[in-house]
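[1] sequence first, then the predicted structure:
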Amino acid sequence: MKQQLLQTNNVDINTESFGKPSDSAVLLIMGAMSSLDWWDTEFCERLAAAGRYVIRYDHRDLGQSVVYEPGTSNYTITDLADDAFGILDAYSIEKVNIMGMSLGGMIGQIMAIMHPERVLSLTILASSVFGSEQAELPQMDQKILDFHGESASIDWSDREASIAYLAEGWAVLSGSKPFEKERMYALAEREYTRAKQIQSRFNYIFLGGGEEYLDRMSEIGVPTIILHGTEDPALPFEHGQALVRAIPHADLITLEGTGHELHTEDWDIIIDSIVRNSSIGN
């Protein structure tokens, strides 16, 4: 693993890479309020061992990347897509395979429309359409909103309480597969330890923009695989089905019993999907 702090779009973006730069590149784009830590190091190493050059990174307001004052809005989803292309430029990568989870899947859609010549394939996990249909689909489970509503009472200087909050947030997102408590607490501890300003993660509540890319999924022409859990409480399974209808020739892989998560029981399927899809795209 190699870490690089990049200056792109006039901001600092923290990245980590795995594997050989000569291999086909895969950019891992995580969801809102989630640092690169939630792409497990072992997951990245396994993907690299399958012959892919893997890059994970901290979005703005997360990890070691640029952070802003909590409670402020300083960027749009289009800026986040530009950040991703800036990472590719810094790594001298002309074309890339994208693996996006949740918000990361929507950023991936924008990227494939914005600069189609630079995107080889698109693999999307637990995401939704970047379009007007999203409002008509089943909405987020109230238990998630209730859980995060309690965040205002957290003392973020209390390491133990903060890590518990970060880890248990994934328990609320899980399906019927066993909650991997030890793993999630370890990842939460790493996120808390690395974060420059952990409270800034909530600035994603204000994220907007990208209107010029709404309802343009039909323009996506690269090989696309949609992976979606049948028990996703954040973006219910219907969101994955809508995405498959919206993107031409997209394939749906159903993850039975999976929630809004990157569960280790699904790693083989997910890694195989990325590798297979990127083989078509190259």
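    Received, thanks. Numbering: from 1, shown residues only.
[2] can you pull the buried residues of stretch 227-244?
    227-229, 231-237, 239-244 (16 or more other C-beta atoms under 10 Å). The way it works is simple: take the backbone N, C-alpha and C, and place the C-beta from them, glycine included.
[3] closest one to Asp215 out of those, please.
    Of all the buried residues of stretch 227-244, Asp215 sits closest to Ala242, with 11.7 Å by C-beta to C-beta.
[4] contacting residues around the spatially most central residue of the chain?
    For the chain, the residue nearest the mean C-alpha position is Met30 (1.9 Å; C-alpha atoms, centre = their mean). Listed by C-beta atoms under 8 Å, 6 or more residues apart in numbering, the contact partners of Met30 are Leu36, Trp38, Trp39, Arg56, His59, Met101, Ser102, Leu103, Gly104.
[5] which among the residues you listed gets closest to Ile13?
    Closest to Ile13, out of all of the contacts of Met30 and judged by C-beta to C-beta, is His59, at 8.1 Å.
[6] what about the closest one, neighbour count?
    28 (other C-beta atoms under 10 Å).
[7] picking that back up, which one of the buried residues of stretch 227-244 sits closest to Gln139?
    When the buried residues of stretch 227-244 are compared against Gln139 (criterion: C-beta to C-beta), the nearest one is Pro236, at 8.0 Å.
[8] ok, the closest one - contacts?
    Leu137, Pro138.
[9] over to Ala164?
    Tyr185, Ala188.
[10] look up how far Ile124 lies from it.
    Distance, Ala164 to Ile124, using C-beta to C-beta, to the nearest Å: 30 Å.
[11] any weak-confidence spans in this protein?
    Scanning the chain for pLDDT under 70 picks out 281-282.
[12] how does it look with 90?
    Along the chain, segments meeting pLDDT under 90 span 148-153, 279-282.
[13] just the helices in it please.
    41-49, 77-90, 103-114, 142-149, 159-173, 181-194, 237-246, 267-281 (DSSP state H).
[14] what residues of the fifth one count as buried?
    Residues of helix 159-173 classed as buried by neighbour count (16+ other C-beta under 10 Å): Ser162, Ile163, Tyr165, Leu166, Ala167, Glu168, Gly169, Trp170, Val172, Leu173.
[15] in space, what's closest to Asp155 - neighbours in sequence excluded?
    Ala161 (6.3 Å; C-beta to C-beta, 6 or more residues apart in numbering).
[16] check Arg190 too.
    Nearest one to Arg190, counting by C-beta to C-beta, 6+ apart, is Asp37 at 4.8 Å.
[17] between the buried residues of helix 159-173, which is closest to Glu191?
    Closest approach to Glu191 among these (C-beta to C-beta): Leu166, at 6.0 Å.
[18] correct me, but that closest one touches Thr193?
    No - if you go by C-beta atoms under 8 Å, Leu166 and Thr193 don't touch, sitting 11.0 Å apart.
[19] ok now stretch 211-220, how far from the chain's centre?
    Taking C-alpha atoms, centre = their mean, to the nearest Å, one finds stretch 211-220 lying 19 Å from the centre of the chain it belongs to.
[20] actually stretch 169-177, not the one I typed
    16 Å.
[21] got the end-to-end distance for it?
    Terminal residues of stretch 169-177 lie 15 Å apart, using C-alpha to C-alpha, to the nearest Å.
[22] I appreciate the help and will end here.
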